[in-house]
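K.L.:
quick one, structure for this:
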Amino acid sequence: MKIYFQILLILGVALHADPQPVSDCSCAHQTVEESYQKSEAVFLGRVVKTEIRFEKEVETPLMQYASEYIVGTFEVRKAWKGNLDSFVEVRTSKSGCGIRFIIADVYLVFAAKANNQLITGLCQLTKDERLAKEDVETLNNKYPGSHR
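P.N.:
The predicted model follows:
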């Protein structure tokens with residue numbers, strides 16, 4: 001009987017536990033400074049367009065591997081790093097590690113470069129401006145930036 005109550009207690013606790021969101025990504029914590037150093041471009045920008053693109057990555061005699069990804073077009077408002085035009089495209093994964101860019105929202109973007117494209121994801125500290133106030137303050141204090 002004692003075991004029965006222990007099982008009920010464990011089940012009760014498990015059922016009332018606060019569920020946490022699950023991410024497909026496993027990222028090591030990075031500081032703003034570390035993300036800045038690893039990035040090709042760091043900027044604050046407003047999303048003006050998003051689109052899903054399709055890219056053939058690898059083709060073998062037996063199978064073709066392909067990927068879909070999202071490209072956000074940003075109007076750059078302030079740049080701390082990188083030689084950026086007024087509008088830039090940034091690629092992100094369509095999977096759980098990608099950023100869901102929302103048109104008209106402003107983001108702090110830390111982007112690497114691969115195959116001549118700027119890329120970002122959850123592990124790069126890219127986030128909505130409303131969640132990035134401390135990061136923007138750190139960038140403003142440590143690195144010169146240019147307003148657009």
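
K.L.:
hang on, residue 97 packs against residue 25?
P.N.:
Yes - counting by CB atoms under 8 Å, residue 97 does reach residue 25; the two are 4.2 Å apart. Glycine gets a C-beta too; all of them are placed from N, C-alpha and C.

K.L.:
look at the two and report which has more neighbours.
P.N.:
More crowded of residue 97 and residue 25, by other CB atoms under 10 Å: residue 97, with 17 against 12.

K.L.:
for residue 121, see how far away the more buried one is.
P.N.:
The spacing between residue 97 and residue 121, counted by CB to CB, to the nearest Å, is 5 Å.

K.L.:
quickly list what's touching both of those two.
P.N.:
residue 25 (CB atoms under 8 Å, 6 or more residues apart in numbering).

K.L.:
now residue 135: which helix or strand?
P.N.:
For residue 135, the host element (DSSP states H and E) is helix 133-142.

K.L.:
kindly report the same for residue 88.
P.N.:
Counting by DSSP H and E, residue 88 is part of strand 87-93.

K.L.:
pull that strand out as CSV, backbone CA atoms only.
P.N.:
Output of strand 87-93 as CSV, limited to C-alpha atoms (Å, rounded to 0.1, in the frame of the first residue of the first chain):
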residue,chain,number,x,y,z
PHE,A,87,18.8,46.3,-46.9
VAL,A,88,20.3,42.9,-46.2
GLU,A,89,19.1,39.3,-46.5
VAL,A,90,19.7,36.9,-43.6
ARG,A,91,19.1,33.1,-43.9
THR,A,92,17.8,31.0,-41.1
SER,A,93,16.8,27.4,-40.7
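
K.L.:
so what strands line up beside it?
P.N.:
strand 64-81 (antiparallel), strand 117-120 (parallel) (DSSP bridges).

K.L.:
many thanks, we can stop here.
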